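**Student:** Sequence and predicted structure below; questions after.
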Amino acid sequence: KAGVTQTPRYLIKTRGQQVTLSCSPISGHRSVSWYQQTPGQGLQFLFEYFSETQRNKGNFPGRFSGRQFSNSRSEMNVSTLELGDSALYLCASSLDVTGGYYEQYFGPGTRLTVT
Amino acid sequence: KNEVEQSPQNLTAQEGEFITINCSYSVGISALHWLQQHPGGGIVSLFMLSSGKKKHGRLIATINIQEKHSSLHITASHPRDSAVYICAKQGAQKLVFGQGTRLTINP
């Protein structure tokens, strides 16, 4: 099975611009989560989607948004970019196994640099 | 206080040594994850556990639910084990991460 893929892998944007990142989960996985990783804050949860519905959201401003398509692929969008948005953005997919816990499979990440 | 605390933050050891990384969390969980991140950013899930102990090769993870504590052990450490190890607690479809432990194994 192919792993989680993310595109693009690297991106340079200017303050004020917007950006869209894409994540394709492992075939059969319906849950996709997004995370931001920075040197100062570490890994932080952005949001999680399951069957095209956002089920949970982290403490990020409304400039960060996402969506999931019927084929489980997901996109996240950041509008009005700020320097502090420079980070590694990771997505992870999982089977939504009943029982309350499930293993997550991470993509390679998109490294976003805002100048 | 962070919800998930790891110790130590940095650990340097010689090849062959037994390694222990600790993780404490402040509230109840559905599961506890151990992740490995190599330079370049890729993250690999090592273990997911909600009780007891799991073993995979030279890696062992344990959890004590009553004490809200988990440990990751590496036996016969090798330079290729050098990476950042991150524990994360799971609740309500989201993970909350510790700050990570940077492990360096010298030959």
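**Tutor:** Structure's in. What do you need?

**Student:** Bridge partners for the residue of chain B with the smallest separation from chain A, pull those for me.
**Tutor:** Chain A sits closest to B:Ala31 of chain B, with a gap of 3.4 Å, by Cβ to the nearest Cβ. (Each C-beta comes from the backbone N, C-alpha and C, glycine too.) B:Ala31 has these beta-bridge partners by DSSP bridges: B:Gln90.

**Student:** just checking, it touches B:Met48?
**Tutor:** Yes. Assessed by Cβ atoms under 8 Å, B:Ala31 is found in contact with B:Met48 at 5.3 Å.

**Student:** Number of residues surrounding the residue of chain B closest to chain A?
**Tutor:** Each residue near B:Ala31 was counted by other Cβ atoms under 10 Å in any protein chain shown, and the total is 20.

**Student:** do the same with the one 4 residues further on
**Tutor:** Counted by other Cβ under 10 Å, the residues lying close to B:Leu35 total 25.

**Student:** Look at it and tell me its secondary structure.
**Tutor:** Under DSSP: H, G, I helix; E, B strand; the rest coil, the three-state class of B:Leu35 is strand.

**Student:** Specify the beta-bridge partners of it.
**Tutor:** Beta-bridge partners recorded for B:Leu35 (DSSP bridges): B:Ser45, B:Ile86.
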